[in-house]
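Turn this into a structure:
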Amino acid sequence: LPRMRVLVVDDDAVNRQAMMMLLEREGHDVVAVENGLDAIQRIGDHDATFDAVVTDLHMSRLGGRALYEQVVDRRPQLARRFVFVTGDQAREDTRRFLESCGQPSVTKPYELDDLLSAIGTAVRQA
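This is a model prediction of the structure:
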């Protein structure tokens, strides 16, 4: 992947830090926040500086799905560059959402190559 600016959104500090370190080690510029509300503030209405958004699907304060739905309305171009990380793809509502939005996802625990591949897919389809 080319060097990108990636927004990482995860309410679990250990997961957030690990994802940030892995992506930085691959040469990417990473901004990490702990929930969807913080992500909305970072994205802003006119900020086009993120090449990809990697978000946990389920978080206590504005989860990944709600974040995605807000970004679809405000910044549809950025919404096409979302990657979802989840530990519960077995739940029917999770599967339905992931299928309907068409964005790539990775299941926890994931391999770095799977995450990078998902980011590459999201960026290419945008």
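
Show me the beta-bridge partners of the residue nearest to Ser105 when sequence neighbours are not counted.
Residue nearest to Ser105 in three dimensions, not counting chain neighbours: Phe84, with 4.1 Å by C-beta to C-beta, 6 or more residues apart in numbering. Just so you know, the C-beta spots here come from the backbone N, C-alpha and C atoms, and that holds for glycine as well. Phe84 has these beta-bridge partners by DSSP bridges: Thr55, Ser105.

Touching, Phe84 and Lys108? I think so.
No: the pair Phe84 / Lys108 is not scored as a contact, 10.8 Å apart, by C-beta atoms under 8 Å.

Neighbour count for these two, which is higher?
Per other C-beta atoms under 10 Å, whichever of Phe84 and Lys108 has more neighbours is Phe84, with 26 against 13.

Can you name the helix or strand that Val31 falls in?
Element membership of Val31 [criterion: DSSP states H and E] is strand 29-33.

who does the helix or strand following that strand touch, helix- and strand-wise?
Once the chain leaves strand 29-33, the next helix or strand it forms, by DSSP H and E, is helix 36-43. Secondary-structure packing of helix 36-43 (3 or more C-beta pairs under 8 Å, 6 or more residues apart in numbering; DSSP states H and E): strand 5-9, strand 29-33, strand 52-56, helix 64-74.

Ala122 is nearest to which of those?
Ala122 lies closest to strand 52-56 among the helices and strands packed on helix 36-43, at 5.7 Å (C-beta to C-beta).
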